[in-house]
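Asks: Predicted model and sequence follow; I will ask about them next.
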Amino acid sequence: MNLNLTGKRALVTGSSLGLGEAIAKLLAAEGAAIVVHGRDKERTEKVAREIREAGGNATTVLGDLADDEAAAEVARAATADGPVDILVNNAGFYRHLSWAEATPDEWCDTYNVNVVSGVRMIQHLVPAMRERGWGRVITIGGGLASQPMNTHPQYNATLAARHNLAVSLARDLKGTGVTSNVVSPGAILVEATKELVTEIGPARGWGDTWEEIQPNAVNALIPNDQERFGEPDEIAAAVAYLCSDYAQYVSGATIRVDGGLIRSAF
């Protein structure tokens, strides 16, 4: 299947590691020119270099999207070599905090990074997509948006906001040739996830080796139909589909890639 991304330019925020890195590399493999974004120069340049070594086209841009001026500079740098056709709002963070630990300031900081940062990039880049009559905005959400946990409530709430804003944007983009959709991952086995589960596994009786810990962690934390963690490339594949011409009729949708973790039919 040819996704017809050759000639398209994609900015993937937070693509110096994890899900963003996987998304950037798959879009590059499908022919898109990639702007790799991060805050750590060494990690960001490493991802871009690996894309180029694999035959792809990649440049880098550094900046903190939680700051108005820095986000504006990221947008300017991202479009220095050509317009951005695809925006993947992936950047985000959270801390494992209880309701008692998550202070109002923590809520505000998390909202700024996870929600307003994406809004900044939309406002900088989507107007030009409208003018050209083609564009893709993909927001990386998560199952905690609709099925929140009792922990890290500040993060759960920002995921719900990310889903909501993506649908609102889709309504605003009616008739423009630009689409806005959400990819909602389940628990994906990025390095940080593996480190956390490995750290807490022995104390919870899940075992001492990764082979012992993984199935028990899945059953305890993320029971799903596939009985495993997801892989970053599985999220990247859903993003790539939404970027393609095959998804032109997909608007304001949430594609769940979670192994069946979220039980709702809708």
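Replies: On my side now, so go ahead. Residues are numbered from 1 along each chain as shown.
Asks: what sits against residue 3?
Replies: By C-beta atoms under 8 Å, 6 or more residues apart in numbering, residue 3 lies in contact with 30-31, 240-241, 243-246. Using the backbone N, CA and C atoms, a C-beta is placed for each residue, glycine as well.
Asks: Kindly report the same for residue 83.
Replies: Contacts here follow C-beta under 8 Å, 6+ apart; on that basis residue 83 touches 9, 128-129, 132.
Asks: you'd agree residue 239 is up against residue 23?
Replies: Yes. In terms of C-beta atoms under 8 Å, residue 239 counts as a neighbour of residue 23; the distance is 5.1 Å.
Asks: got any residues that touch both of these two?
Replies: Common neighbours of residue 239 and residue 23 (C-beta under 8 Å, 6+ apart) are residue 88.
Asks: quick one on the thing from earlier: can you tell me which of the contacts of residue 83 has the most neighbours?
Replies: In terms of neighbours by other C-beta atoms under 10 Å, the contacts of residue 83 top out with residue 129 at 23 neighbours.
Asks: What's the separation between the nearest residue to that one once chain neighbours are set aside and residue 125?
Replies: With C-beta to C-beta, 6 or more residues apart in numbering as the criterion, residue 129 has its nearest non-adjacent residue at 2.8 Å, and that residue is residue 135. Distance, residue 135 to residue 125, using C-beta to C-beta, to the nearest Å: 8 Å.
Asks: hang on, the earlier thing: need the contacts of residue 3 in TSV with pLDDT, distance to residue 165 and neighbour count, can you?
Replies: Formatted as TSV, these follow (pLDDT from 0 to 100; distance: C-beta to C-beta, whole Å; neighbours: other C-beta atoms under 10 Å):
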residue	pLDDT	distance to residue 165	neighbour count
30	97	26	20
31	97	29	15
240	98	22	25
241	98	21	17
243	98	19	28
244	97	23	18
245	94	25	10
246	96	24	14
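Asks: Tabulate the residues you listed (a markdown table), appending distance to residue 44 and secondary structure.
Replies: Below are the contacts of residue 3 laid out as a markdown table (distance: C-beta to C-beta, whole Å; DSSP: H, G, I helix; E, B strand; the rest coil):
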| residue | distance to residue 44 | secondary structure |
| --- | --- | --- |
| 30 | 21 | coil |
| 31 | 21 | coil |
| 240 | 21 | helix |
| 241 | 25 | helix |
| 243 | 21 | helix |
| 244 | 26 | coil |
| 245 | 29 | helix |
| 246 | 30 | helix |
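Asks: Return the member of those residues nearest to residue 74.
Replies: residue 243 (19.8 Å; C-beta to C-beta).
Asks: who's in contact with the closest one?
Replies: 3, 5, 8, 10, 27, 30, 32, 86, 136, 138.
Asks: Closest to residue 92 out of those residues?
Replies: Of those, the one sitting nearest to residue 92 (C-beta to C-beta) turns out to be residue 138, at 13.5 Å.
Asks: By mean pLDDT, which helix or strand of the protein comes out lowest?
Replies: helix 191-200 (a mean of 92; mean pLDDT, DSSP states H and E).
Asks: residues of that helix that come out buried?
Replies: 197-198 (16 or more other C-beta atoms under 10 Å).
Asks: That one - contacts with which helices or strands?
Replies: helix 210-221 (3 or more C-beta pairs under 8 Å, 6 or more residues apart in numbering; DSSP states H and E).
Asks: Kindly recompute the last result at 10 Å.
Replies: helix 18-29, helix 210-221 (3 or more C-beta pairs under 10 Å, 6 or more residues apart in numbering; DSSP states H and E).
Asks: just the angle between whichever helix or strand comes after the first one and helix 18-29, please?
Replies: As assigned by DSSP states H and E, the chain's next helix or strand after helix 18-29 is strand 33-38. Computed by axes from the mean of the first three to the mean of the last three C-alpha atoms, to 10 degrees, the angle separating strand 33-38 from helix 18-29 equals 160 degrees.
Asks: and whatever helix or strand comes next after strand 33-38, what's its mean pLDDT?
Replies: Counting by DSSP H and E, the next helix or strand C-terminal to strand 33-38 is helix 41-53. For helix 41-53, mean pLDDT is 98.
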